[in-house]
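Novice: pasting the structure only:
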């Protein structure tokens, strides 16, 4: 599910230059508003839907989300105008919110003590989708079917996955407890937990080094290096390859280091690698620098998301609802970057993305302070 979602949401931003030419758009429309469309309806519908998705409701809601992902992806591929394309992307948002988030919660609930490692593997599968997205676009462009052909292929894959999911068991199958918890009570529980709120908000920054980077990065590479679709795919794929390596390493070392240490290392490494990418003047140095940035950036989401689940481990659907509730802030990211791109320019817009690694460094400080409290309590207990 992570693979399919990242593949679908990766093809559109990777094809921003093609969209710009096909519909006569501005950079903000081709990159910023398409990403906004992916998120806007989900920001409204996901919190109550995810709050409801427990017990016997979980599996049918997950399957329905996957089925709607397939339908909306195919509709986007066939859209004859920019506005109909946006409409299809708007409906895709809540569909993926159900299908993808419910699958993630089920995995974490099955092994909560290894949440960082589980989410690292989840991220790895998503990165494979990220890796194939620009490559699929490049192949589709070479075959003459453009961005539409790539989206059709993704839609067919999502439909097959929805059919398979019909036979998969749900986490709440056969249970009757907690099915009467009102939606508003679930949402109140989410906002009444300061740690959950804090970690859910900081997770939002991970949207910068994802589709936002792909969309505006594709435009930046086209403008700065004159890169065509194949060259852009190679450079952007370097970031994903670095991310895959980083996800594999994180899964193996997550239990050996404190979360604060991993957050600090990943934040600093990402900031340095990304800064080097902005300064690169050849496609080779650009690919190498972006690969380094991806190596460290891949750890941000699983580390931060795991802290959110740890804040309320007994109620994963509350964590999901909180993530969607505060995830509405992510709607502003592509619009903010798009506004900067239309004003000072693409380079200035990409400087905004440094907010992600800098935010992770601040989260590392907060995590370190949180780790000191139980450690101090343990020392006092031994002294007694």
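Specialist: Sure thing, it's come through. Since the model is a prediction, treat every value here as computed from it, not as a measurement.
Novice: And the helices in the stretch 101-250 of the chain, which stretches?
Specialist: Taking DSSP state H, counting those that start in this stretch as the criterion, the stretch 101-250 of the chain carries its helices at 115-143, 146-165, 183-191, 194-203, 213-224, 229-253.
Novice: Would you pull up how far the last one lies from the middle of the chain?
Specialist: With Cα atoms, centre = their mean, to the nearest Å as the basis, the distance from the averaged C-alpha position of helix 229-253 to the chain average is 14 Å.
Novice: Are there helices or strands packed against the one helix or strand residue 260 maps to, and which ones?
Specialist: Under the criterion DSSP states H and E, the helix or strand holding residue 260 is helix 259-279. Using 3 or more Cβ pairs under 8 Å, 6 or more residues apart in numbering; DSSP states H and E as the contact criterion, the elements in contact with helix 259-279 are helix 229-253, helix 283-297, helix 300-311, helix 346-351, helix 355-383. All C-beta spots, glycine's among them, are computed from the backbone N, C-alpha and C.
Novice: and the angle for it with helix 229-253?
Specialist: Following axes from the mean of the first three to the mean of the last three Cα atoms, to 10 degrees, one obtains 160 degrees for the angle between helix 259-279 and helix 229-253.
Novice: can you pull the buried residues of helix 259-279?
Specialist: For helix 259-279, burial by neighbour count (16 or more other Cβ atoms under 10 Å) applies to 259-260, 262-271, 273-274, 276-278.
Novice: Poorly predicted segments of the protein, please.
Specialist: Counting by pLDDT under 70, the chain has low-confidence residues at 55, 168-183, 186-187, 190, 371-384.
Novice: if I look at residue 14, how far off is residue 341?
Specialist: 17 Å (Cβ to Cβ, to the nearest Å).
Novice: Minimum distance to residue 113: which of the helices and strands packed on helix 259-279 has it?
Specialist: When the helices and strands packed on helix 259-279 are ranked by distance to residue 113, counting by Cβ to Cβ, first place goes to helix 300-311 at 10.0 Å.
Novice: Tell me what angle that closest one forms with helix 229-253.
Specialist: In this structure, helix 300-311 runs at an angle of 40 degrees to helix 229-253, with the same axes, to 10 degrees as the basis.
Novice: for helix 300-311, packing partners?
Specialist: Counting contacts by 3+ Cβ pairs under 8 Å, 6+ apart, helix 300-311 packs against helix 115-143, helix 194-203, helix 229-253, helix 259-279, helix 316-327, helix 355-383.
Novice: does residue 366 really touch residue 201, like I thought?
Specialist: No: Residue 366 is beyond contact range of residue 201, at 11.5 Å (criterion: Cβ atoms under 8 Å).
Novice: Give me the distance between the helix holding residue 260 and the centre of its chain.
Specialist: Centroid separation for helix 259-279 versus its chain: 18 Å, with Cα atoms, centre = their mean.
Novice: Just want the angle from it to helix 283-297.
Specialist: Using the same axes, to 10 degrees, helix 259-279 lies at 160 degrees relative to helix 283-297.
Novice: before we move on, back to that, could you export the helices of the stretch 101-250 of the chain as TSV, including mean neighbour count and distance to residue 4?
Specialist: Rendered in TSV, the data for those read as follows (neighbours: other Cβ atoms under 10 Å; distance: least, Cβ to Cβ, whole Å):
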stretch	mean neighbour count	distance to residue 4
helix 115-143	22	7
helix 146-165	20	5
helix 183-191	17	27
helix 194-203	20	21
helix 213-224	23	17
helix 229-253	21	16
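Novice: Figure out which of the ones you listed is closest to residue 96.
Specialist: For the helices of the stretch 101-250 of the chain, proximity to residue 96 was assessed by Cβ to Cβ; helix 146-165 is nearest, at 9.3 Å.
Novice: hmm, who's touching the closest one?
Specialist: In this structure, residues lying in contact with helix 146-165 by Cβ atoms under 8 Å, 6 or more residues apart in numbering are 1, 4, 7-8, 11-12, 15, 18-19, 22, 62-63, 66-67, 69-71, 73-74, 76-78, 99, 133, 136-137, 139-141, 143, 145.
Novice: let's go with 6 Å and repeat that
Specialist: 4, 7-8, 11, 15, 18, 63, 66-67, 69-70, 73-74, 76-77, 136-137, 140 (Cβ atoms under 6 Å, 6 or more residues apart in numbering).
Novice: same thing with stretch 42-49?
Specialist: By Cβ under 6 Å, 6+ apart, the list of residues contacting stretch 42-49 from outside reads 93, 94, 97, 183, 321, 324, 325, 328, 331.
Novice: What of stretch 197-208?
Specialist: Counting by Cβ under 6 Å, 6+ apart, stretch 197-208 makes contact with 300-301, 304-305, 307-308, 322-323, 326, 329-330, 333, 353, 356, 359, 363, all of which sit outside it.
Novice: Nearest residue to residue 276 in space, ignoring adjacent ones along the chain?
Specialist: Among residues not flanking residue 276 along the chain, residue 289 sits closest, at 3.9 Å (Cβ to Cβ, 6 or more residues apart in numbering).
Novice: My guess is that neighbour contacts residue 277. True?
Specialist: Yes: under the contact definition of Cβ atoms under 6 Å, residue 289 touches residue 277, with a separation of 3.8 Å.
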